[in-house]
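Colleague: Fold the following and give me the result.
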Amino acid sequence: MRHRSYRVCNGRTLALIALVVLVARTQRVFASPTDERRFWTPTVVAVDDGVGSKIRRMGNDVEKSKSFVFENTVAESLTRDGVVAVRVRGLNEAKTQSAKLFMDCARVTDNVAVEEYDDGSRRVTLATTTKQRGSGFGEPTSKACKKFEVTTKMLRAKVSVAEQAITDVFQSKFSDLSEFANGVLMQGENGETYKTFSEVLKDCEHLEHFHGYTISPQQKLKNSKVRTIEEHTDQGLLIAFVPAIIVDAVTGRRDKFSSTGDFYMTLPGHRKVLLHFDTLPDDVVIFMLGQAIEQQITPKLANGLELHAVPHAMDMPNLKSNQFRFWYGRMFLPPENALDESHGLSFGTVRANIIEDFARGLKTSVGCGRKLLSVAGSGSCASNQIWCWMRCMNHSAPASNPLTCRTGHSVQCLSQRLEVWTDADSHGDYNPGCTDETNETKPVTDPPTIPARAASCTDGNAWETFLNHSEYENSLELLQDKLYLLWTVQNGKLKARVAFNGKIGWFALGIKNLGGKHNGMNGANIVMGVHDPHPMGHDSNFGSPYVGKSSAKQYKIHDHSSAFRHWNDTADVASPFVSSTTFNSCFSCMRFETASIRGEALNLTSGINELIWAAHDGTYLKGYHEVQGFDRRDARGHLTLDLTRNYGRVTCGFSRGWAAASQTCAFSAASTPSAIVSISIAVIAILVM
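Modeller: Numbering: from 1, shown residues only. Below is the predicted model:
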């Protein structure tokens, strides 16, 4: 964003405009606005065919059946796509009438925000925050704005009908919580609890925006390769918006034949699509999941259920000089007293700091969920703390005994590669340390990638030969043609092999810690194969902390802290355990034989084993779980095995791994269909930072 200018008349409007910043994320991911994407239309449901009908005629079994179909369809769409469109009768007329009067009010009121973008677009915004659906803007100061407020009540009421339907679906379909949640969906800063979605949404704050975008034909031509609003993820729980329309600023008439621009979305599974407005009915409200759902709610859902935020971007269309693009949206912000449990700050505190910094003229950085927190305390850390990765971190438990650095060095927020972090840096693992570097002399950069393997590695049957199926009775394809688990139970031990079709940084297999954080990751006992090829163990380009040499060892993941540096010293070499690794120029594998993992017995003669796995082939850092060519979420998972059964060879046959698969994986034709291995798609994020 190149420039912002604001006209503000009172403190309340100042607060609203500052909150508008919440939806102006700027995570650059697109090379240009001309990237190739396929058109996509979200699932459309009609509220009158579902919840609305049920409310009117509760005793009618047909209507109950319709409600069941409505709720299932919405739940499936939100889980699969993070998006659903709800059709509400009469909404199009309400939208058109509101758009007709928007500019008349925007021209005369001081309660408006004005923003200018790099492509030459200009946006004017009228905004309000409410807790009750459809409540007003306060006291409009002009006749034009009073008329606009009265007219928008119908539009907002129509959106509220769809909102109630979506709320009911959340309550019905996403109410089962994992053991880790202890029956609480969100926690308040004063001990309050939100146990259901209904309670959360009832107490959440609504940030409502009416936007009017303009751009001159000359500016559009000059900046045709500049994206208007770059890809960002909304910070709220979810956002509801009505598709934009083009309006004549003088007459107020709608132009049904002009393009409303391009709306880009990245759906779960890294599906990059272009929303196809032409195939949508005029009277829909589109609901899209925000980052608070993914960060605060998903980890607590039962059965490995995942809800993911949808990054999105927008390009302005070619407009005539007298036209503007009208858009209305409603963001659902978490309750102001609810805690972001990762940092112990309430969402209300975060928003208050945004408003305070905005009023003082400070730049507010709100790119992703953690970046939002950069305005909430960077200057308020205690004397024994440093602002590091969006929170105050202790560099010594007692303030009287701070971390002591030698002359010429100072305490800085460092990556595991000893680079100096700033608020502008992205995801990673950072902690306080001593250095004589600064962010200017040693900024955070991408770690070196693992060198590509030779083309000859894919010749002939090299991969099949390396897999060596004949040595094991069972094999399971975790990632198609990429990652395999092979095993046999013999002599009271599990003889297992994890094989990877390529060069890897690490892979892991372990026993799920039932009730542990991140759906059983924290506190889990695992076998982890690590490739540390560099002769200098602490070379900051490679996998610090160094494990000594490439090996497969038993570890216990920390009960609360996920980063490898918190538990790399838990390797257990005392219990009976035989292991070896092979890391060559083409393939990777680890082998082990054991009856337990770090003392925790495997169920070898009866019962099932709840297991977790993950892998990373991008770098030698023990950090992210990621496999090139797959979605990052596909690079870890949760599986249930009965080690007393003979499964044979199990392949999944899905091009994008388990996040694109169903809940079970079918046997190959040569296998017995009576024995099925269950693969649950869960939020098992081994080693996530």
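
Colleague: ok, now which ones touch the most far-flung residue of the chain relative to its centre?
Modeller: Relative to the centre of the chain, the most outlying C-alpha is that of residue 491, 44.4 Å out, by C-alpha atoms, centre = their mean. Residues counted as contacts of residue 491 (C-beta atoms under 8 Å, 6 or more residues apart in numbering): none. (C-beta placed from N, C-alpha, C; glycine too.)

Colleague: from here on, count from 12
Modeller: Taking 12 as the first residue, the last one we looked at is residue 502.

Colleague: Strands along the stretch 62-211 of the chain, start to end?
Modeller: Assigned by DSSP state E, counting those that start in this stretch, the strands in the stretch 62-211 of the chain fall at 94-98, 123-127, 133-141, 197-198, 204-205.

Colleague: Partner strands of the fourth one, with direction?
Modeller: This means strand 197-198. The pairing partners recorded for strand 197-198 under DSSP bridges are strand 204-205 (antiparallel).

Colleague: same check, this time on the first one
Modeller: Next to strand 94-98 in the sheet, as set by DSSP bridges, lie strand 55-57 (parallel), strand 295-300 (antiparallel).

Colleague: Could I get the average pLDDT for that strand?
Modeller: Mean pLDDT, computed over strand 94-98, is 94.

Colleague: same deal with the third one?
Modeller: Averaging the model's pLDDT scores along strand 133-141 yields 84.

Colleague: Show me what counts as buried in that strand.
Modeller: 133-140 (16 or more other C-beta atoms under 10 Å).

Colleague: who does that strand touch, helix- and strand-wise?
Modeller: Judged by 3 or more C-beta pairs under 8 Å, 6 or more residues apart in numbering; DSSP states H and E, strand 133-141 is in contact with helix 22-31, helix 102-119, strand 123-127, strand 216-225.

Colleague: Mind putting these into TSV with distance to residue 298?
Modeller: Compiled in TSV, these are given as follows (distance: least, C-beta to C-beta, whole Å):
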stretch	distance to residue 298
helix 22-31	20
helix 102-119	13
strand 123-127	24
strand 216-225	13
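
Colleague: Lowest mean pLDDT across the ones you listed, which one is that?
Modeller: Across these, helix 22-31 gives the lowest mean pLDDT, at a mean of 52.

Colleague: What number of neighbouring residues does the nearest residue to residue 358 once chain neighbours are set aside come out with?
Modeller: In this structure, residue 358 finds its nearest non-sequential neighbour in residue 345, 4.4 Å apart by C-beta to C-beta, 6 or more residues apart in numbering. The tally of other residues near residue 345 (other C-beta atoms under 10 Å) stands at 28.

Colleague: quick one, what contacts residue 345?
Modeller: 197, 211, 215, 247-248, 303, 307, 358.

Colleague: Now with 7 Å, please.
Modeller: 197, 215, 248, 303, 307, 358 (C-beta atoms under 7 Å, 6 or more residues apart in numbering).

Colleague: Check residue 249 too.
Modeller: Counting by C-beta under 7 Å, 6+ apart, residue 249 makes contact with 298-301, 304, 343.

Colleague: now those in CSV, with distance to residue 332?
Modeller: CSV is the format used below for those (distance: C-beta to C-beta, whole Å):
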residue, distance to residue 332
298, 34
299, 32
300, 37
301, 35
304, 40
343, 36
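
Colleague: Out of those residues, the closest to residue 433 would be?
Modeller: Closest approach to residue 433 among those (C-beta to C-beta): residue 301, at 25.4 Å.

Colleague: so of the strands paired with strand 94-98, which one's packed in deepest?
Modeller: Comparing these by mean neighbour count (mean count of other C-beta atoms under 10 Å), strand 295-300 comes out on top with a mean of 25.

Colleague: Of all the strands of the stretch 62-211 of the chain, which one is nearest residue 255?
Modeller: strand 133-141 (11.7 Å).

Colleague: what are the pairing partners of the closest one, and which direction each?
Modeller: If you go by DSSP bridges, strand 133-141 pairs up with strand 123-127 (antiparallel), strand 216-225 (antiparallel).

Colleague: Using PDB, write down the CA coordinates of the helix or strand following the last one.
Modeller: To tie it back to what came earlier, the one meant is strand 216-225. Downstream of strand 216-225, the first helix or strand assigned by DSSP states H and E is helix 228-233. C-alpha atoms of helix 228-233 as PDB (Å, rounded to 0.1, in the frame of the first residue of the first chain):
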ATOM      1  CA  PRO A 228      -8.700   4.200 -16.800                       C
ATOM      2  CA  GLN A 229      -5.200   5.900 -17.200                       C
ATOM      3  CA  GLN A 230      -4.000   4.500 -13.800                       C
ATOM      4  CA  LYS A 231      -5.400   1.000 -14.500                       C
ATOM      5  CA  LEU A 232      -3.500   1.000 -17.800                       C
ATOM      6  CA  LYS A 233      -0.300   2.300 -16.300                       C
END
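
Colleague: tell me the mean pLDDT over the very next helix or strand once past helix 228-233?
Modeller: Downstream of helix 228-233, the first helix or strand assigned by DSSP H and E is strand 240-243. Taken as a whole, strand 240-243 carries a mean pLDDT of 86.

Colleague: where's strand 240-243 relative to the chain centroid, distance-wise?
Modeller: 15 Å (C-alpha atoms, centre = their mean, to the nearest Å).

Colleague: likewise stretch 245-256?
Modeller: Taking C-alpha atoms, centre = their mean, one finds stretch 245-256 lying 16 Å from the centre of the chain it belongs to.

Colleague: quick one: the residue nearest to residue 234 when sequence neighbours are not counted and residue 171, what's the gap?
Modeller: Among residues not flanking residue 234 along the chain, residue 130 sits closest, at 4.1 Å (C-beta to C-beta, 6+ apart). Distance, residue 130 to residue 171, using C-beta to C-beta, to the nearest Å: 34 Å.

Colleague: do the same with residue 177
Modeller: Going from residue 177 to residue 171 by C-beta to C-beta gives 10 Å.

Colleague: So those two - more neighbours on which side?
Modeller: When residue 177 and residue 171 are compared for neighbours, residue 177 comes out ahead with 24 against 19, by other C-beta under 10 Å.

Colleague: what residues are up against the more buried one?
Modeller: 85, 97, 298.

Colleague: Report how many residues lie close to the residue nearest to residue 118 when sequence neighbours are not counted.
Modeller: Distance criterion C-beta to C-beta, 6+ apart; nearest residue to residue 118, sequence neighbours excluded, is residue 155 at 7.7 Å. Residue 155 has 18 neighbouring residues, counting by other C-beta under 10 Å.

Colleague: so residue 155 makes contact with residue 114?
Modeller: No. With contact taken as C-beta atoms under 7 Å, residue 155 and residue 114 are classed as non-touching, separated by 9.2 Å.

Colleague: about what we covered before: could you export the helices and strands packed on strand 133-141 as a markdown table, including mean neighbour count and distance to residue 205?
Modeller: Shown next, in a markdown table, are those (neighbours: other C-beta atoms under 10 Å; distance: least, C-beta to C-beta, whole Å):
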| stretch | mean neighbour count | distance to residue 205 |
| --- | --- | --- |
| helix 22-31 | 19 | 21 |
| helix 102-119 | 20 | 30 |
| strand 123-127 | 19 | 31 |
| strand 216-225 | 22 | 14 |
